[in-house]
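Undergrad: Provided below are the primary sequence and the corresponding predicted coordinates.
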2 protein chains.
Amino acid sequence: MKIFLDCLPCMLKQVLEASRLVTDKPELQETIMEESIKILSDYKKFHYSPEIVSNMHNVVKQLTGEKDPYRLVKERDISAAKEAYPVLIQFLEQNQNSLYWALKIAATGNIIDSAIYQNLDLQGCIEEELSKEFKICDIQIFKEEITTARKILIIGDNAGETVFDKVLLSTFSHLDITYAVRSEPIINDATFQDAISSGLNEYAQIISTGCNAPGAVLDQCSKEFLDVFHQADIIISKGQGNFEALSECGRSLFFLLKAKCPVIANKLNVDLNDYVFINKSTVCQTS
Amino acid sequence: MKIFLDCLPCMLKQVLEASRLVTDKPELQETIMEESIKILSDYKKFHYSPEIVSNMHNVVKQLTGEKDPYRLVKERDISAAKEAYPVLIQFLEQNQNSLYWALKIAATGNIIDSAIYQNLDLQGCIEEELSKEFKICDIQIFKEEITTARKILIIGDNAGETVFDKVLLSTFSHLDITYAVRSEPIINDATFQDAISSGLNEYAQIISTGCNAPGAVLDQCSKEFLDVFHQADIIISKGQGNFEALSECGRSLFFLLKAKCPVIANKLNVDLNDYVFINKSTVCQTS
């Protein structure tokens, strides 16, 4: 997906948030912003938004010496998600069409960070979000493909959400599952350690994309990941960052996400905050 | 008020909005953003946020040839405010303590742009906002000062809001009233023509600040304005932009505004969206 101008102010706002997680020193926050604005001024040199975000957040890491600015946020989110896990399992058991709702649970995990940040009643918030149906759901295409599939790849998104993904992985237990994470900490995205902490290794082989951007930008991914990517019978790409990086890639895949920003919602032709499970071919028709 | 880092992304978002009001050409929008990012990268050269905003919006004007990008927005807001005017007069008549509520009406005018933009029921929205009391209200200091005052200066903010200000001006009809506006179009701020269209000349002499920033930055104001500024017995500064430019100036004045952003709310030690009528000496104590 091309870089939208709307994303530039948003990136700047996010890097300021990151700087404040790591340092209270105004001078250091100012330097981070100045260096980030320099990167922003070169935005046309990049192909995908996640690349710019990665460069800006590398400034935070380099100037503060903190390799994982969102470490505490991620630990908090994983912990909260684990507490919610029994609710997710119960929700799945109470509903028919378990594949649909397992997908929906995995998509809903995306809200955990903002729900905690806004100090919302987490369990109430999760239950409310879980009950919302997908606005677009290509589950029929998925069901057809999965009947003959052996290998499935899930490209992960945020830490915490990973615990919700575990419910989805459990429904694929007859398949050879690989779960891909970022190569190093970037924003609150899941790394190898976060995936392990979330218990995903019970169901899947966990690998790194080889890319440290908050979206799997293929020409920055490792050969190991690309081999899995090309050999997988089915791929589920989670979250907005992976959608931005992969929406025009060369192979078939499914995007599972909540449209949390107007740019993504517009691209998918849905309303803000709608949930979608969409095949790449459908994206091309809607946008 | 010093420039807060939180304001930088917000400025960039606002200039994108302005560019889209004037042109549909993506290339031109991109060039505006690139030039604006250059200005942003030099943010430390400026003393006040309104100066940066002014420079960024000058890029929009220069590159598009449109001298008043918000002209239609302002006309729409003035027209909507005029339709609401009878409601304001009725509201004032129904409430005791008319000075308090006339001040509150003038502060409430600040919402008209966002209410229309969000497609809210305008009359319902105005009535709801009018009924909210000030979180901080230095009306006692004001009442003491006004008993001996002859000359009052109101430094205006947005177009549309000007119509609400007319209600306030009517309560000062025994005084020599001057109403100051921006020297040229900047965002949706009121200019001379907007003040005339709002009927403010019925009660006040309308002058320009001589400054084209969305806030009266004193060292950019004209001698004519500065004379009025220094000779006025009472000054009411309206809106966030004027607060940013004048919160540390050398003379006593009152700020009348709605805290529409977290930075201003924090500076005033109130909640987001609170209304305040605050003397400058109180600001120094709260921040």
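TA: The structure has been received and is ready for your questions.
Undergrad: now what about stretch A:212-222, what contacts it?
TA: Outside stretch A:212-222, the residues that touch it by CB atoms under 8 Å, 6 or more residues apart in numbering or on different chains are A:47-51, A:53-54, A:58, A:155, A:180, A:182-184, A:186-187, A:189, A:208-211, A:225-226, A:229, A:237, A:239-246, A:249. Yep, even glycine has a C-beta here, placed from its N, CA and C like the rest.
Undergrad: Next up, the contacts around the closest residue to residue A:135 other than its chain neighbours.
TA: Spatially, and ignoring its direct neighbours in sequence, residue A:135 is nearest to residue A:274 (3.8 Å; CB to CB, 6 or more residues apart in numbering or on different chains). Applying CB under 8 Å, 6+ apart to residue A:274 gives the contacts A:134-136, A:258-259, A:265, A:268.
Undergrad: swap in residue A:91?
TA: For residue A:91, the contacting residues are A:101, A:105, A:127, A:130, by CB under 8 Å, 6+ apart.
Undergrad: Surely the third one and residue A:88 touch.
TA: Okay, so that is residue A:127. No - using CB atoms under 8 Å, residue A:127 is not in contact with residue A:88; the gap is 10.0 Å.
Undergrad: More neighbours: the two, which one.
TA: Per other CB atoms under 10 Å in any protein chain shown, whichever of residue A:127 and residue A:88 has more neighbours is residue A:88, with 23 against 14.
Undergrad: Pretty sure that one sits in a strand.
TA: No - counting by DSSP: H, G, I helix; E, B strand; the rest coil, residue A:88 is located in no strand; its state is helix.
Undergrad: That one: what's it in contact with?
TA: By CB under 8 Å, 6+ apart, the contact set of residue A:88 is A:105, A:126, A:130, A:164, A:167.
Undergrad: So which of the residues you listed would count as near chain B as well?
TA: When CB under 8 Å from any CB of the partner chain is applied, no member of the contacts of residue A:88 is adjacent to chain B.
Undergrad: And those, which is the shakiest by pLDDT?
TA: Of all the contacts of residue A:88, residue A:126 has the smallest pLDDT value, namely 92.
Undergrad: Count the residues that sit near that residue.
TA: Residue A:126 has 24 neighbouring residues, counting by other CB under 10 Å.
Undergrad: For it, what is the enclosing helix or strand?
TA: Taking DSSP states H and E as the criterion, residue A:126 maps to helix A:122-130.
Undergrad: Next, count neighbours for residue A:146.
TA: Neighbour count of residue A:146, defined by other CB under 10 Å: 17.
Undergrad: Now it. Nearest residue, chain neighbours left out?
TA: Among residues not flanking residue A:146 along the chain, residue A:234 sits closest, at 6.2 Å (CB to CB, 6+ apart).
Undergrad: so what's the backbone phi/psi at that neighbour?
TA: According to degrees, to the nearest 10, the main-chain angles of residue A:234 amount to phi -140, psi 140.
Undergrad: State the number of residues packed around the residue in the stretch 101-250 of chain A positioned nearest to chain B.
TA: As assessed by CB to the nearest CB, chain B sits closest to residue A:118 within the stretch 101-250 of chain A, at 13.0 Å. A total of 9 residues lie near residue A:118 under the criterion other CB under 10 Å.
Undergrad: Least confident secondary structure element in chain A?
TA: Ranked by mean pLDDT, DSSP states H and E, the helix or strand of chain A with the weakest confidence is helix A:112-117, at a mean of 76.
Undergrad: And that helix, how far out from the chain middle?
TA: From the chain centre to the centre of helix A:112-117 is a distance of 14 Å (CA atoms, centre = their mean, to the nearest Å).
Undergrad: buried sites along it?
TA: Neighbour counts using 16 or more other CB atoms under 10 Å in any protein chain shown place A:112-113, A:115-116 of helix A:112-117 among the buried residues.
Undergrad: possible to save those as a markdown table with distance to chain B?
TA: As requested, the buried residues of helix A:112-117 are exported to a markdown table (distance: CB to the nearest CB, whole Å):
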| residue | distance to chain B |
| --- | --- |
| A:112 | 23 |
| A:113 | 19 |
| A:115 | 19 |
| A:116 | 19 |
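Undergrad: Widest-spaced pair of those?
TA: A:113 and A:115 (7.3 Å; CB to CB).
Undergrad: still on that earlier bit, which two of the contacts of residue A:91 have the greatest separation?
TA: Every pair of these checked by CB to CB; the farthest is A:101 and A:127, at 12.7 Å.
Undergrad: What is the burial count for residue A:231?
TA: With neighbours defined by other CB under 10 Å, the count for residue A:231 comes to 12.
Undergrad: how about residue A:273, what does it touch?
TA: If a contact means CB under 8 Å, 6+ apart, then residue A:273 has A:258-260, A:265 as its contacts.
Undergrad: how about the buried residues of helix A:112-117 in JSON lines, adding distance to residue A:22?
TA: Output for the buried residues of helix A:112-117, formatted as JSON lines (distance: CB to CB, whole Å):
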{"residue": "A:112", "distance to residue A:22": "22"}
{"residue": "A:113", "distance to residue A:22": "17"}
{"residue": "A:115", "distance to residue A:22": "23"}
{"residue": "A:116", "distance to residue A:22": "19"}
